[in-house]
Each structure stands twice: as C-alpha cells, then as structure tokens.
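Undergrad: can you look at this prediction? I've put the sequence above it.
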Amino acid sequence: MLSIENLHVTVDGSPILKGLTLKMGPGEVHAIMGPNGSGKSTLSYAIAGRAGYTVTSGDILFNGDSVLDMGPDERAQAGLFLAFQYPVEIPGVRSRQFLRTSLNALRKARGEDEIAPGPFLRLLREKLALVQMDESFTKRDVNSGFSGGEKKRFEVLQMAMLEPSLCILDETDSGLDIDALRVVSAGVNALRNESRSMLVITHYQRLLDHIEPDFVHVLVNGRIARSGDKSLALDLEKRGYDWIIAGAAA
Amino acid sequence: MSYVIPTELGTPGCGTPRKQYVSVLRDIGLPTSRREDWRYTKLRGFDLSRFGQSDEVGSIDRTTLAQHVCRETAGQIVIVDGVFQPQLSVLPAQPGVRAEHASGEALQLPPIPSGELQSALFLAVNAALAPHLTRVTVAPKTRVEGPLELVWVSTSSGVTYGMHPLVQIQVGKHAEVTVVERFIGLGTHETLTNMRLDINVDDGAHVQHAKIQKEGAAAWHFATTIFHLGADTSARSNIVSLGAKTARNAIHVHFEKPGSEVWLDGLFVGQGQQSLDHYTVIDHKAPHCTSHELYKGVLQGQAIGSFLGRILMSEGAVKSATDQLCRALLLSQDAKANVKPQLEIDNDDVTASHGAAIGNLDADAMFYLQARGISVLEAQSLLIEAFTREVLQKLPCNLEEPILETVLARLA
C-alpha cells in the first residue's frame, strides 16, 4: 500500500525528516506518535504533496508507484486522503459545491461520469448520518465559522464521501472534547476495512483508545525511533517520550 | 408611450456646430497622470482626433445579439456603431415609461459639472459630439416591470470611430426602475466610447443600475455616470468591467436631500495589457445619507486595475455614514492594483470606514482543494468564483450566473 523509503524532507532549507522508513500493508492502521517538532505534520504534508516540503532523497511509493512527481490533486485522485490538522476556511465556496467538485474530480480521474444531483444527495445524506452532521452544514461555506469539532467531523465526512484507499489523519484529535472525539472516531472506525489503510498521527495516546492501531511508531528527530504494537502507545502514556529520545540520541 | 425619432438620427455629425468646440478642447490636451483624479488612467497612445463618426454602420444579427442581452425587458434600445437600430429595439410599452431621442433644437445638454475643464475633458467632448440625447422618463409612482436595457454594439467593421452616447434617465417621485447598460465589442479594431449618463432620482424613488462592459480588445472606454438623488431615495450601481484596452468609469453621486442611501459596487477583471480604472466621488451634501462601496478586481497578465474613491462629507452632512472596501486579487507577478481611498470630512457627526486589500490566491486554500483531487485550474476557478460572487450576487435580472461564466472563461 504505502512504502516510505529513507525519506529526507526539508522545509525552508531546514532538514525535518532525516531518513524515515515506513511500510504499510492494505487494511492496516498505523499510528505515528512523537513529541512536538519531531516531524509528524511534515510527514503528512510530504505524503500529500504540499509545495514547500522538499524531498531531498528517498522515495514515497503508493501501490508500488512513486508519488514524488505527482501534484497533490493527482495523489488524491490515486486514492490518498489527508485529514487536515487545521482544516482551511474557504469563504464563498459552499461545502456542498466543494464536496461535489471533489467527488467528480476523483470520478473523472477514474474515467467515470459525473455524479447526478439525486444520487449525490442520497450519498451525502448517508455519510452525514455517519458523522452526525446536519444537512444545513453543507449549505455553509467550507469550514467557515465551524467549531473545532465541526471542522474535524467535516474532514471525516469528506473521507467517507471520497472513499480513499489510504487515509492520513493528522492530529485529528487535537482540539476535540470527549463527545466530539467519540463521534469522529466512530466515523473513522466505520470506514475501516480490509483494503483501506490508515496512518493516524497523534501526540496523545487518548485517540488510540478509540481508533485501535495495529502498529505504533515513535517519530523522534525526523526518524522512526521505535516501532511496536499498541502496547507501545500505553508505555508512552506512562513513561512519556524522554526514554525514547534518550535512546535515539545514544 | 412615445418615441420621438429626430430627423438627424442616423446621419452622424448632426452636432456640426458644436464640433468647433472640439478644436478648443484639443488645445487643452488630455488630463495627465499628475492630476489626482486621472493618475491611474492609461491614456498613452490615445488621440482624440483619430476618431471620426462612422459612415458605415455594421450589423449584428438577432441571434448574436440575444447572446449578450436580457431575455425579457421592459424596453431595449439597441445602438450599433453609434446609430440607433429601431428594428432591433423594443420600445417600452408600459404606461408611464417614455424613451425618446432629442437633438437639434430639442437637445438641452445637461450642464458640465464645475471644476477644471481638463478634468471634465471627456464630458466636454461628449457634449460637443453627442449626436443626440437619449432620454428615458419614468412617471411618478410607476414601477417599471423588468429592466430597461441600453445596448451599445461596436462591430468594429474596420473604421476607427468614436461614439459619444448621452443618456438621461429621469425617475419620478416614488417610481422604481432597473436600468441595464451593455457594451458589446465584436471586433478588434480601435474604437472609442465616451459616454455620459445622468440618472436623476426624484424623492422616494428607487433605482438599480447595472453595467456590463465587454468592449473589444482595442477599445477605449470612458464613461461618467452622475446620480442626482432627491430625498429618501435609494440607488444601486453595479459595474462589471471586462473588456476594453483602457476603460475608465467615473461615478459621481450627489446627495441633494436627506435620507438617501447608495450602493456602488464594481468588479473588474483584466488580463493582457488592460487598464481598468474606477473613479468615484460621493458628495454627501445633505444630512442622514448613507453610502456603501464595494469594488473587487481580478487581474492577470500585465493588467492594471485601479480604484480611487473620494468621499466628501460637508458640514451639512450630519448623521451620515459611509463605508468603502476595495479588494484585488493578483493572479500574476506583473498584474498591478492601485487602491486609494480619499476621505474629505468636514463634519464630526458622521461615521466613515474604508479598507483595501491586495493579494494573491490563498495558498492554504489552494492546497486544501488540491488535496481533495481538484486540479489547480479548477481550484483557482472555485476561489475566483468565491471572490467575485460577493459583487456578482447583487446584480439584478439573473445576471449573476451568465456573468460569472464569462468572468471564469476570460481568466481561463
């Protein structure tokens, strides 16, 4: 599914990722944990193809093909989805129009016809129920005036609509209260299946109580310092990051 | 209903005696960029003496015309290459609405606003060369059903010609009317439009004015719109500037009596070497009046878009309010926007605000859209649509969607 090989990424000339290697199989859920500044968000942006995140060496293979020469739109069309840590407010663009444009862009890339208004509305209503959002949200401008929880639910709604094969959840838990976290996690869990992989990036173990990972990786100073199963997350909860940071420095 | 067609109509040059005036004006010379009110208008290469009046009138077929105008109107006056086309026009049939052409003896020219002649040069030229006055009168308490549409078509049939439309719209007490102006350029030949439009709004009347300017690529377009507002009136103006090489829209608003409100909106979309210039003067002479201005521009290539908004609040303008906002989106490195608010306030019992923002497309929003599979071009379109809709949604007569389509097509 996803294979990241010895990835080096610089931002504004500073090296942030320094030889990161990660392999994910179909249907697997991997958690990336790490202290602030370890490169978690850089990893998500580098995979999604954001300008300014320069890959200086290494490769990102998605279903066997390198994505490095692909634009963010082409990566999304190939089945990659980034749920943003800070979803962007776009005044003047209606959420519904945005969802339909996006869905049609993916369908077009697959050689399918645009979705008709009727089926689109049915699909939208079905997915809105999944994240417990009211239809009125889709008549508002993209993320404009949405609360933190609403923004994250809207991210999961998009994920549900677009049905990607790889989901990257960048600190999806940040800024969520317990209720919102439950709704968002339930939405994500409903999207788990045998072929869809998820990369869950988080600072806290709390999210992993709700979205149970198959593998946990600890990112320190731009590299994976330790990998394990979900018990590693519990260790981190108890002991903090310092013992791994000390181990990585040694 | 009546429509007076003067004998001179269709024979260009009926203003012959006034032509002598033009030679005097030539000596005065064009306004230069040293003048505050003309500093942004690109007049380089403009030579008034080159533009005669057309002897050949081009033609436009109904199908082509229909693509550019409103489907249903309360009246449609079509002028091709400066000449009124009765067979393409639809005269207003509603009682209380009159359209007529006056010339010769019947022509009473509106006065040229005071001020230096150089500043008002194009108005003076218009006064000298306008072949006739087109006057639309709406009787008191008449609500005009549908827009009155004024359509100027330049076929650009190979003659360098100028037209000097002179239009007066008289709106009676408590009447309501929507006026749509269209400028359609079908060719690439150099043309000149030099227009004067006076809209006189009597007490309690309401006017909505929209102008869609799609002149040809080599056109010079100068237009002055003057609103005289009585008591408790409202006037909305929405100007969409898409065409012409150099276009300048000047709007003068005179609040003559208390209690009126005015909205001046504009959208300018430029590319290539276009220069699209907006100059507005709102003269708050009377108390309890409110003015709002919203101008937005999208510029690419080496286009220049300008907005200079003067607000005069005199001592008599107590309890008046004004707000002004101009935002420009630059899609290329060489595109340029000039924004200048100019508030001259001689009264401490008023509120005034103004804002300006010039910037590029939001990079975060672009990435967000792209990360959802939307191509760069489509993402740009979405953001431009969002940016321009704020102005376009205020257009009357369902013009919003077709104009938006034209805007996006021009920028593609």
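TA: Yep, that arrived.
Undergrad: got a list of what residue B:312 touches?
TA: B:281-284, B:344 (Cβ atoms under 8 Å, 6 or more residues apart in numbering or on different chains). From N, CA and C alone the C-beta is placed, and that goes for glycine too.
Undergrad: most neighbours among these, which one is it?
TA: residue B:284 (30 neighbours; other Cβ atoms under 10 Å in any protein chain shown).
Undergrad: which helix or which strand is home to the closest residue to it other than its chain neighbours?
TA: Leaving aside its chain neighbours, residue B:284 sits nearest to residue B:317 (3.9 Å; criterion: Cβ to Cβ, 6 or more residues apart in numbering or on different chains). Counting by DSSP states H and E, no helix or strand carries residue B:317.
Undergrad: OK, contacts around residue B:317?
TA: For residue B:317, the contact set (Cβ under 8 Å, 6+ apart) comprises B:255, B:284-287, B:289, B:347, B:350.
Undergrad: quick one: secondary structure of the closest residue to chain B within chain A?
TA: Using Cβ to the nearest Cβ, residue A:92 is the residue of chain A that sits closest to chain B, at 2.6 Å. Here residue A:92 takes the strand state, with states given by DSSP: H, G, I helix; E, B strand; the rest coil.
Undergrad: grab the nearest non-local neighbour of it.
TA: Take residue A:92 and drop its neighbours on the chain: the residue closest to it by Cβ to Cβ, 6+ apart is residue B:386, 2.6 Å away.
Undergrad: sec struct for the one you found, please.
TA: Going by three-state DSSP: residue B:386 is helix.
Undergrad: in chain A, where is pLDDT below threshold?
TA: Along chain A, the parts satisfying pLDDT under 70 run over A:250.
Undergrad: so where do the strands sit in it?
TA: Assigned by DSSP state E, the strands in chain A fall at A:2-11, A:14-24, A:29-33, A:53-62, A:65-66, A:80-83, A:90-94, A:141-142, A:166-170, A:197-202, A:215-220, A:223-228.
Undergrad: how far away from the center of its chain is the third one?
TA: Averaging C-alpha coordinates over strand A:29-33 and over its chain gives two centres that are 10 Å apart (Cα atoms, centre = their mean, to the nearest Å).
Undergrad: now do the most centrally placed residue in chain A against residue B:261, distance only.
TA: Centroid-nearest residue in chain A, with Cα atoms, centre = their mean: residue A:168, separated by 2.0 Å. Going from residue A:168 to residue B:261 by Cβ to Cβ, to the nearest Å gives 51 Å.
Undergrad: and residue A:77, by the same measure?
TA: For residue A:77 relative to residue B:261 (Cβ to Cβ), the value is 49 Å.
Undergrad: and for residue A:126?
TA: 47 Å.
Undergrad: contacting residues for residue B:340?
TA: Here residue B:340 is in contact with B:306-309 (criterion: Cβ under 8 Å, 6+ apart).
Undergrad: compare residue A:126 and residue B:261 (neighbour count), which wins?
TA: Between residue A:126 and residue B:261, counted using other Cβ under 10 Å, residue B:261 has the larger neighbour count: 18 against 11.
Undergrad: count of neighbours near the closest residue to the more buried one other than its chain neighbours?
TA: Spatial nearest neighbour of residue B:261, excluding adjacent residues (Cβ to Cβ, 6+ apart): residue B:290 at 4.5 Å. Close neighbours of residue B:290, defined as other Cβ under 10 Å, add up to 18.
Undergrad: next: residue B:237.
TA: Around residue B:237 there are 23 residues (other Cβ under 10 Å).
Undergrad: report the secondary structure state of it.
TA: When the rule is three-state DSSP, residue B:237 gets the label strand.
Undergrad: any idea how far chain A is from the closest residue to it other than its chain neighbours?
TA: Spatial nearest neighbour of residue B:237, chain neighbours left out: residue B:209 (4.5 Å); criterion: Cβ to Cβ, 6+ apart. Residue B:209 is 24 Å from chain A, where distance means Cβ to the nearest Cβ, to the nearest Å.
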